[in-house]
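>>> My questions are about this predicted structure, shown below with the sequence.
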Amino acid sequence: STEINSILSRLGIQDRNPAYCTGLTWGGENNQETRVIHSPTNGQPIATVNMASEADYEQVITTAQQAFQEWRTWPSPKRGEVVRQIGQKLREHKEALGKLVSYEMGKILQEGLGEVQEMIDICDFAVGLSRQLHGYTMHSERPTHRMYEQYHPLGVVGVISAFNFPVAVWSWNAMLAAICGDVVVWKPSEKTPLTAIACQRIIEEVLRENEVPEGVFCLVVGDAVIGNKMAHDERVPLVSATGSTRMGKKVGEAVGARLGRSLLELGGNNAIIITENADLEMAMRAVVFGAVGTCGQRCTSTRRLIIHDSIYDEVKERLLKVYPNLPIGDPLKDGILVGPLIDKAATTAFLDALERVQQEGGQLLTGGTVLEGEEYATGTYVTPALVEAENQYHTVQEETFAPILYLIKYSGSVDNAIAIQNGVRQGLSSSIFSSNLLETEAFLSHWGSDCGIANVNIGTSGAEIGGAFGGEKDTGGGRESGSDAWRFYMRRQTNTINFGRELPLAQGIKFDL
Ligand code: UN1
């Protein structure tokens, strides 16, 4: 449409100039492989991008390494000032970038704008942090000695991001890395490179005006070959990867084999527990947003609902009133709440999972169809599904990146619900709806939820950037975004300083020459 075209030109993405070779970005110059990016909203081609070759990758890493030599010498608050200006630019372009996210990825505009807001928020967070990269001081056991620790920049940080949050996850990593004095090489999902290019264009002017060395923020638009190179590359001390558990295991193994650091944000199988003491009105809002928001394609999407048997039928009925009336369609249209899945393969995975869970004994209550008609011509608009199931079903144990919500019954005390909630391989997000302190505190206790995120009376998705984000078990153990996640982007150094004229040894050792 003309609006999208004007957004593309405003953000500096032209079909004719896909190599994004202006100034501070590289890739796709050394070979001819191109890819046409289609919008999942209507199947229309948006633009053609050049895919980076291995030679392009080499060039990017070399430039990033050189940039690191200089960038690490900048005082952190000066680096923070650059990030502040990036946040400012993102504010100016929020509407356009949010729309492009919606158009390229398929999430509804409200969520596209929300994603850009997360970027702005992490910029603000990082600016403050740039004056607070503090370590501890300790007391030495030796007289006239002082001990403290420092956090120093690490080097090149590789960021592999997924299609579902095509820009926010980069910003969580890149803005923290930047104030920490690291340089970033970003490999976005090959399904959503245009929003990545738009980000590079948006920050480009700030980088130029502040004379930030070329290579501090790099972009490599490539496929799994590039991601794999990064994982094996000793010049990349930290690889932060978001995606499936299968992908994360490969990255983690490759990085681990060279004793590098990996920060993994992998699959979730997030549950909401609804006890007999829940405010159902409130719970329903959280459940529906969590299960069908982003068409079930958040790593924090609600996939399982664990409901006390005394209220099971009521919860089911309430959901059965809402689900058939969900407004599904063009995610850029006002009032739409559910957009399309990312592609045909995702649609097939959705249908497959529904078929398999029914073979295992699951009961499909509503949804599970692919919409037809002109408005839905891509064949990727689906009706969110509700399925009565049991936790141990193979299909329920897996993360299917689509809007399927499994209803699971529990009886007795909340401990039984917690056992079901924890009874999966993944450990990202979890929540409980209850007004009973004994139940909510049990859920948050040492023997409660085993997830990286555990919420009370809010849903599993939509975490704020201020907390550390990530999960346990098959989710990979990484923490990014808020709290002290920044420490992982730096190397820690312990310093002991002698300001006396003697040389006492620690542990009382005598060593007289
Ligand atoms: C993701 O799906 O990879 O908590 C990230 C949320 C968002 C981030 C999701 N703030 O749902």
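Happy to help now that I have it. None of these values were measured; they are calculated from a predicted model.
>>> The closest residue to residue 474 other than its chain neighbours: how many residues sit nearby?
Of all residues not flanking residue 474 in the chain, residue 425 sits nearest, at 4.3 Å (CB to CB, 6 or more residues apart in numbering). C-beta: built from backbone N, CA, C; applies to glycine. By the measure other CB atoms under 10 Å, the count of residues near residue 425 is 13.
>>> Tell me the confidence at residue 425?
Residue 425 is assigned 98 on the pLDDT scale.
>>> and it, what are its phi and psi?
phi -80, psi -30 (degrees, to the nearest 10).
>>> roughly how far apart are it and residue 249?
12 Å (CB to CB, to the nearest Å).
>>> Hmm, residue 215 is touching residue 69, no?
No - Residue 215 is not in contact with residue 69 according to CB atoms under 8 Å; the separation is 9.7 Å.
>>> the more surrounded of the two?
Regarding residue 215 and residue 69, a neighbour count based on other CB under 10 Å identifies residue 215 as having more, with 26 against 11.
>>> Checking the more buried one next. Helix, strand or coil?
coil (DSSP: H, G, I helix; E, B strand; the rest coil).
>>> which non-adjacent residue is nearest it?
Closest residue to residue 215 apart from its sequence neighbours, by CB to CB, 6+ apart: residue 67 at 3.1 Å.
>>> shouldn't that neighbour be in contact with residue 213?
Yes - taking contacts as CB under 8 Å, residue 67 lies within contact range of residue 213: 4.3 Å.
>>> Which pLDDT value goes with the closest residue to residue 160 other than its chain neighbours?
The shortest distance from residue 160 to any non-neighbouring residue, by CB to CB, 6+ apart, is to residue 241 (4.1 Å). pLDDT recorded at residue 241 is 98.
>>> Over to residue 438?
pLDDT for residue 438: 98.
>>> Just say helix, strand or coil for it.
Secondary structure, three-state DSSP: residue 438 is helix.
>>> and it, what does it touch?
Counting by CB atoms under 8 Å, 6 or more residues apart in numbering, residue 438 makes contact with residue 414.
>>> Please apply the same query to residue 283.
Contacts for residue 283 (CB under 8 Å, 6+ apart) come out as 272, 274, 315, 433.
>>> Could you rerun that using 6 Å?
By CB atoms under 6 Å, 6 or more residues apart in numbering, the contact set of residue 283 is 274, 433.
>>> Offset the numbering so it begins at 520, please.
I'll keep to 520 as the first residue from here, and by that count the last item is residue 802.
>>> where's it relative to residue 821, distance?
According to CB to CB, residue 802 and residue 821 sit 11 Å apart.
>>> Over to residue 684?
17 Å.
>>> Which strand residues bridge the residue nearest to residue 679?
Beta-bridge partners of residue 760, counted by DSSP bridges, are residue 679, residue 783.
>>> Skipping adjacent residues, who's closest to the residue in the stretch 520-669 of the chain positioned nearest to the ligand in space?
Closest contact between the stretch 520-669 of the chain and the ligand, by CB to the nearest ligand atom, is at residue 637 (5.9 Å). If the residues on either side of it in the chain are set aside, residue 637 comes closest to residue 687, at 4.3 Å by CB to CB, 6+ apart.
>>> pLDDT at the one you found, what is it?
With respect to pLDDT, residue 687 has a value of 98.
>>> distance of it from the ligand?
Plainly put, residue 687 is 7 Å away from the ligand if you go by CB to the nearest ligand atom, to the nearest Å.
>>> Next up, the contacts around that residue.
634, 637-638.
>>> do the same with residue 851
621, 628.
>>> Where does it sit, in terms of helix or strand?
Element membership of residue 851 [criterion: DSSP states H and E] is none; it lies in no helix or strand.
>>> Contact residues of the stretch 870-1019 of the chain facing the ligand?
Neighbours of the ligand within the stretch 870-1019 of the chain, by CB under 6 Å from any ligand atom: 980-982.
>>> Which of the residues you listed fall within strands?
When these are checked against strands (DSSP state E), there are no matches.
>>> Most neighbours of all those residues, which one?
residue 980 (24 neighbours).
>>> Lowest mean pLDDT among the helices and strands of the chain, which one is it?
The helix or strand of the chain with the poorest confidence is helix 521-529; it has a mean of 80 (mean pLDDT, DSSP states H and E).
>>> got a list of contacts for that helix?
615, 618-619, 622.
>>> Pull it out as PDB, backbone CA atoms only.
In PDB, the C-alpha atoms belonging to helix 521-529 read as follows (Å, rounded to 0.1, in the frame of the first residue of the first chain):
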ATOM      1  CA  THR A 521       1.100   3.600  -0.400                       C
ATOM      2  CA  GLU A 522       1.200   4.000   3.400                       C
ATOM      3  CA  ILE A 523       3.700   1.100   3.800                       C
ATOM      4  CA  ASN A 524       5.700   2.500   0.900                       C
ATOM      5  CA  SER A 525       5.900   5.800   2.500                       C
ATOM      6  CA  ILE A 526       7.000   4.200   5.800                       C
ATOM      7  CA  LEU A 527       9.700   2.200   3.900                       C
ATOM      8  CA  SER A 528      11.000   5.300   2.300                       C
ATOM      9  CA  ARG A 529      10.800   7.300   5.600                       C
END
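>>> looking only at pLDDT, what's the mean for the helix or strand just after it?
With elements assigned by DSSP H and E, the helix or strand that comes after helix 521-529 is strand 553-557. For strand 553-557, the mean pLDDT works out to 89.
>>> contacts for strand 553-557?
564-570, 713.
>>> As a check, name the ranges of all helices in the stretch 720-869 of the chain.
743-751, 764-776, 799-811, 831-841, 863-878 (DSSP state H, counting those that start in this stretch).
>>> For the last one, list every residue counted as buried.
I take that to be helix 863-878. Neighbour counts over helix 863-878 (16 or more other CB atoms under 10 Å) mark 865-866, 868-870, 872-873, 875-876 as buried.
>>> who touches that helix?
860, 883, 887, 899, 901, 904, 906, 908, 912, 914, 919, 921.
>>> chain center to stretch 941-953, what's the gap?
18 Å (CA atoms, centre = their mean, to the nearest Å).
>>> And stretch 980-993, by the same measure?
Distance of stretch 980-993 from the chain centroid (CA atoms, centre = their mean) equals 9 Å.
>>> Please enumerate residues in contact with it?
Applying CB under 6 Å, 6+ apart, the contact partners of stretch 980-993 are 637, 640-641, 764, 784, 809, 817, 819-820, 944-947, 970-971, 997-1002, 1004.
>>> Give me the subset of the residues you listed lying in strands.
Per DSSP E, the contacts of stretch 980-993 map to strands at 784, 945-946, 999-1000.
>>> which residue packs closest to whatever residue of the stretch 620-769 of the chain ends up closest to the ligand, ignoring adjacent ones?
For the stretch 620-769 of the chain and the ligand, the shortest gap (CB to the nearest ligand atom) falls at residue 684, measuring 4.5 Å. Leaving aside its chain neighbours, residue 684 sits nearest to residue 634 (6.2 Å; criterion: CB to CB, 6+ apart).
>>> Now find how far off-centre the helix or strand the one you found falls within is within its chain.
Under the criterion of DSSP H and E, residue 634 resides in helix 628-648. Distance of helix 628-648 from its chain centroid, counting by CA atoms, centre = their mean, is 13 Å.
>>> so it versus helix 799-811, what angle?
Using axes from the mean of the first three to the mean of the last three CA atoms, to 10 degrees, the direction of helix 628-648 lies 90 degrees away from that of helix 799-811.
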